[in-house]
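> Sequence first, then the predicted structure:
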Amino acid sequence: MAVKFTKPEINVREKLAELDKPSGITGEAMLRAETPQEQQALIGVGRRNLIINGDFQVWQRGTSFSSGFTADRWLTAAGTVTKDGLALKHVATNTDPYFLYKVEDIGNRFNGQDAIASFYLKTSSGINKLQYLTVCNVNYTHDKMYELPSEIEGYTRWACPVKITNAHTDFIRMVVELEAVSGNISYLRQFQLELGKVATPFEHRSYGEELALCQRYYQKLFDTNAGTYRHRWQGRIGSVYSTTRVFVTVDLPVQMRNTPTLVFETAGNGFRWDIYSANADIGPSTGISSTYPSRDSIGFDVVPKANLSSSYVGFACHMDVRDGWCHATAEL
């Protein structure tokens, strides 16, 4: 004989409301959230990392350095830096090796807030430790850090609670002080600085998004050194203003932090444009008279070849970068 069992439907929300421990306003909001994205927004997950290029994806300036900027947004001293797979590799050349990073903080809106830095580190000495981390002029020595579970073989993941202050106007200054041993090799990955007291998993962003964030501070406009005639694909439409002046404007893909400083190659022929108008070559440019940088575009006032006929004046022209490179920087 078949036996059939039935039981009444249960309203989970009502049962949760009957629990002795109240869920509170936040708990109620979590229960009412309809998507994971809404729940992440409630607990502050997503867009947490204040560090741009914390996973060292973007290297606009190159992949090997002895000082200055290395991977985008990261400055180094006292060592050589190279891209090593997914890691930033630093080989110390004296006993004071470090990285410097500046977080833009317009109006010092994060002043007085708790934050926590977390990162993966591997060293040739095997101790996998920093000397200290400096944030807003306060040194946090290794004893202020604690170890987190590591998901990368050979690396140790560390967390360091810090306090953000207005020690610097409109930015947060952070120094990553490596082991004070000349010749020591350090590998750094997945560096994160986030508000709050709890270190969360590293926030991964796509390469395209990370590149756009980096371009607010630095843009590699042109570089013909990567291959013969590669520059032919970097063409722009200009106009012939006079027999000695040709104008061209380059629109920037991302608005820069402020009016950028332009840096040109000076070796060899330097930075030059090819200029074509009415099926004639009226270049290469023999010089750049002026530049007109703004946050959104760069204007170039260039000199065409000598003895240019006045018949070209007032007409449009096609311009390609012929030689050299030009970069725009608006770093903090």
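Yep, it's here.
> Distance check, the closest residue to residue 61 other than its chain neighbours against residue 238.
Leaving out its chain neighbours, the residue that sits closest to residue 61 by Cβ to Cβ, 6 or more residues apart in numbering is residue 69, at 5.9 Å. (Glycine included, C-beta is placed from N, CA and C.) For residue 69, the distance to residue 238 equals 31 Å [Cβ to Cβ, to the nearest Å].
> How about residue 106?
Residue 106 is 35 Å from residue 238, by Cβ to Cβ.
> now residue 80
On the measure of Cβ to Cβ, residue 80 and residue 238 end up 41 Å apart.
> Could you do residue 304 as well?
Distance from residue 304 to residue 238, by Cβ to Cβ: 10 Å.
> Same question for residue 147.
On the measure of Cβ to Cβ, residue 147 and residue 238 end up 58 Å apart.
> more neighbours, these two?
residue 238 (21 against 11; other Cβ atoms under 10 Å).
> tell me which element the nearest residue to the more buried one once chain neighbours are set aside is part of?
What sits nearest to residue 238 in space, not counting adjacent residues and going by Cβ to Cβ, 6+ apart, is residue 248, at 3.4 Å. Counting by DSSP states H and E, the element that carries residue 248 is strand 245-251.
> Just the residues contacting the next helix or strand after that strand, thanks.
Downstream of strand 245-251, the first helix or strand assigned by DSSP H and E is strand 261-264. With contacts defined as Cβ atoms under 8 Å, 6 or more residues apart in numbering, strand 261-264 is touched by 270-271, 288, 291, 293, 298, 324-330.
> Now, of these, which are buried?
271, 288, 293, 298, 324-330 (16 or more other Cβ atoms under 10 Å).
> Which members of those residues are the farthest-apart pair?
The span of these, defined through Cβ to Cβ, is set by 324 and 330 at 20.8 Å.
> For the strand holding residue 248, list every residue counted as buried.
Buried residues in strand 245-251, counted by 16+ other Cβ under 10 Å: 245-248, 250.
> Do you have the helices of the stretch 151-300 of the chain handy? List them.
207-214 (DSSP state H, counting those that start in this stretch).
> Listing request: residues of it with sub-threshold pLDDT.
Counting by pLDDT under 70, the stretch 151-300 of the chain shows low-confidence ranges at 225-234, 268.
> ranges for the strands of it?
156-163, 171-177, 185-195, 218-223, 236-242, 245-251, 261-264, 272-277, 280-281, 287-293, 297-303 (DSSP state E, counting those that start in this stretch).
> if we compare those, which one ends up closest to residue 51?
strand 185-195 (5.1 Å).
> Tell me the strands beside that closest one, with direction?
strand 87-92 (antiparallel), strand 114-123 (antiparallel) (DSSP bridges).
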